[in-house]
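> Sequence first, predicted model second:
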Amino acid sequence: MRFYGRTLMLALCCACLSSSTQAGWWSNFHRDYRRNNEWPAHFVSADRIAANAPFGVMIQNGWRAQNTLSAHHFKDDGGDLTEAGALKVRWILTDAPEQHRVIFVERGASLEETSTRINSVRNVAVEMTVDGEPATVMETTTPVRGWPADYIDAIDRKAKDSIPPPRLRAPTGDGSGS
């Protein structure tokens with residue numbers, strides 16, 4: 001045990017003598033000691049920021065998808081909104097949080113179709129606006145995942161029609177009723 005103690009003392013003396021200033025070595029020693037003992041605390045806030053950064057992008061993309069009017073919200077003959085499209089515009093303008101009240105219109109097959117769709121949405125939004133501020137309507141190239149409501153309704157009706165009618169089992173046994 002004495003050998004290890006002497007060796008440690010010798011190593012410390014050599015380290016002190018080899019450094020240019022004894023005070024600099026000592027302050028570095030204390031700084032490094034504190035850093036090592038408080039290790040995760042200095043990096044937690046930076047790690048939290050890095051881990052939470054993608055969530056802001058995900059939230060914005062989610063609201064963009066929620067507030068996008070796609071091809072099935074417009075009539076086939078032109079850029080007029082269907083009833084579902086008008087109801088979605090009403091929901092965006094009345095029920096969505098104020099910071100997310102932006103209406104996105106999916107790009108059409110041509111520039112004329114896209115501009116007709118945007119003008120149609122603006123006209124409907126002006127009629128529904130209560131406070132006088134016009135709604136923000138923007139074009140988007142991000143396609144919406146989903147189907148028209150009449151398609152989903154047809155699938156649901158066919159599924160319900162394929163269910164056999166309920167039947168009672170034929171009575172079996174001797175008829176004692178126990």
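All right, it came through fine.
> after the helix or strand of the chain with the lowest mean pLDDT, next one along is what?
Ranked by mean pLDDT, DSSP states H and E, the helix or strand of the chain with the weakest confidence is helix 2-18, at a mean of 66. Toward the C-terminus, helix 2-18 is succeeded by helix 22-37 as the next helix or strand (DSSP states H and E).
> Run through the neighbouring helices and strands of that next one.
helix 2-18 (3 or more CB pairs under 8 Å, 6 or more residues apart in numbering; DSSP states H and E). The C-beta positions use only the backbone N, C-alpha and C, and glycine is treated the same way.
> Next, work out how far apart residue 117 and residue 85 are.
Applying CB to CB, to the nearest Å, the value for residue 117 to residue 85 is 9 Å.
> To clarify, my last question referred to residue 107.
16 Å.
> In terms of packing, which of these two has more residues around it?
residue 85 (21 against 18; other CB atoms under 10 Å).
> part of a helix, is the more buried one?
Yes. Residue 85: assigned to a helix according to DSSP: H, G, I helix; E, B strand; the rest coil.
> Quick one: the helices in the protein, in order.
Along the chain, the segments classed as helices by DSSP state H run 2-18, 22-37, 41-66, 83-94, 111-128, 149-161.
> want to try CSV for the ones you listed, with distance to residue 72 as columns?
Shown next, in CSV, are these (distance: least, CB to CB, whole Å):
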stretch, distance to residue 72
helix 2-18, 76
helix 22-37, 59
helix 41-66, 14
helix 83-94, 8
helix 111-128, 12
helix 149-161, 8
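> and the nearest residue to residue 122 once chain neighbours are set aside, what does it touch?
Of all residues not flanking residue 122 in the chain, residue 137 sits nearest, at 5.3 Å (CB to CB, 6 or more residues apart in numbering). For residue 137, the contacting residues are 102, 103, 104, 105, 118, 121, 122, 125, by CB atoms under 8 Å, 6 or more residues apart in numbering.
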